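K.L.:
below is the structure, and that's it, no one-letter string:
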Ligand SMILES: [Fe+2]
């Protein structure tokens, strides 16, 4: 297979696993957040995990369209992901700060994948990833605004 396509596949798998880890972390926070602002955080993390989860299936199918296999075990996803899971119970503000850090890793990763997809004329994949970049920019805005000290 073409070396550039191979590189695209590898990077797309890393972006996929990282997106999955991000989704799961937001869902984990949605379940376990506590404190007086529980309703707001519970709902905020709920909207976040649902939006990101909505992209998981399509992202895996773009990997398949490139004639590669989509990773689907916890082991493999953890191995590939640039985003670490969380086992701690922390306050809602810290949860949002961690997701903001992770989101800031995801955006440049997705930009790099989009450029690689364009370079090998995989415009459908490039367009899909472009939409994901925009979605994560919106998440960035909301997370940034949540953690901002006034
Ligand atoms: Fe729920």
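P.N.:
That came through fine. Everything numeric here is computed off the predicted structure, so don't read it as measured data. Numbers count the residues shown, from 1 in each chain.

K.L.:
okay, CA-based contacts and neighbour counts for the rest of this
P.N.:
Noted.

K.L.:
for residue 105, give its distance to residue 123.
P.N.:
Separation of residue 105 from residue 123 (Cα to Cα, to the nearest Å) stands at 23 Å.

K.L.:
in contact with residue 77, which residues?
P.N.:
17-18, 20-21, 71 (Cα atoms under 8 Å, 6 or more residues apart in numbering).

K.L.:
for it, give its distance to residue 51.
P.N.:
For residue 77, the distance to residue 51 - Cα to Cα - is 19 Å.

K.L.:
before we move on, what about residue 3?
P.N.:
Separation of residue 3 from residue 51 (Cα to Cα): 33 Å.

K.L.:
so the two - more neighbours on which side?
P.N.:
It is residue 51, of residue 3 and residue 51, that has more neighbours when counted by other Cα atoms under 10 Å, with 15 against 8.

K.L.:
center of the protein, which residue is that?
P.N.:
Centroid-nearest residue in the chain: residue 19, 2.5 Å away (criterion: Cα atoms, centre = their mean).

K.L.:
do I have it right that that residue meets residue 52?
P.N.:
Yes - with contact defined as Cα atoms under 8 Å, residue 19 reaches residue 52; the gap is 7.3 Å.

K.L.:
quick revisit: reformat the contacts of residue 77 as TSV; add neighbour count.
P.N.:
Listed next are the contacts of residue 77 as TSV, based on neighbours: other Cα atoms under 10 Å:
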residue	neighbour count
17	28
18	26
20	22
21	23
71	16
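
K.L.:
of those residues, which pair is most distant in space?
P.N.:
Within those, two members stand farthest from each other by Cα to Cα: 21 and 71, at 12.5 Å.

K.L.:
any weak-confidence spans in this protein?
P.N.:
Within the chain, not a single segment meets pLDDT under 70.

K.L.:
just checking, next helix/strand downstream of the longest helix seen in it?
P.N.:
In the chain, with assignment by DSSP state H, the single longest helix is helix 3-32. Once the chain leaves helix 3-32, the next helix or strand it forms, by DSSP states H and E, is helix 38-65.
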